[in-house]
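**Student:** any chance you can model this:
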Amino acid sequence: MLRWAAAFFLVALLAALFGFTDLAAGAAWVGRLLCFLFLAAFVFAFTAGLVRVRRSRLLVIQGPSRVTSPPDRRR
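**Tutor:** Presented below is the predicted three-dimensional model:
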């Protein structure tokens, strides 16, 4: 997704260089949108990874929960 954002920014620069201002504005808008979507996805994945690592470390420190069955009271 970041490559697409960079490609749209490159298209916007080239279009602006040759005087196609409407095309440049549209390409810059799409590139900016893709860049922000990439950043949002990155922040979400990063925080989800931190939560996952922290949770797995807690399980390792505390150890697995031991579920025991009630004592057998047969006579």
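**Student:** quick one: the helices in the protein, in order.
**Tutor:** For the chain, the helices defined by DSSP state H occupy 2-17, 21-62.
**Student:** which one of those is the most hemmed in?
**Tutor:** Highest mean neighbour count of the helices of the chain: helix 2-17, a mean of 15 (counted as mean count of other CB atoms under 10 Å). The C-beta positions use only the backbone N, C-alpha and C, and glycine is treated the same way.
**Student:** and it, what does it pack against?
**Tutor:** Under the contact criterion of 3 or more CB pairs under 8 Å, 6 or more residues apart in numbering; DSSP states H and E, helix 2-17 touches helix 21-62.
**Student:** format the helices of the chain as CSV; extra columns: mean pLDDT.
**Tutor:** Output for those, formatted as CSV (pLDDT from 0 to 100):
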stretch, mean pLDDT
helix 2-17, 87
helix 21-62, 83
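**Student:** distance check, residue 45 against residue 52.
**Tutor:** To residue 52, residue 45 is 10 Å away according to CB to CB, to the nearest Å.
**Student:** before we move on, what about residue 22?
**Tutor:** According to CB to CB, residue 22 and residue 52 sit 45 Å apart.
**Student:** same check, this time on residue 41
**Tutor:** Counting by CB to CB, the separation of residue 41 from residue 52 is 16 Å.
**Student:** do residue 29 as well
**Tutor:** Distance from residue 29 to residue 52, by CB to CB: 35 Å.
**Student:** cool, and residue 34?
**Tutor:** From residue 34 across to residue 52, the span is 26 Å (CB to CB).
**Student:** and residue 2, by the same measure?
**Tutor:** As defined by CB to CB, residue 2 lies at a distance of 23 Å from residue 52.
**Student:** next one: residue 31 from residue 25, what distance?
**Tutor:** According to CB to CB, residue 31 stands 11 Å off from residue 25.
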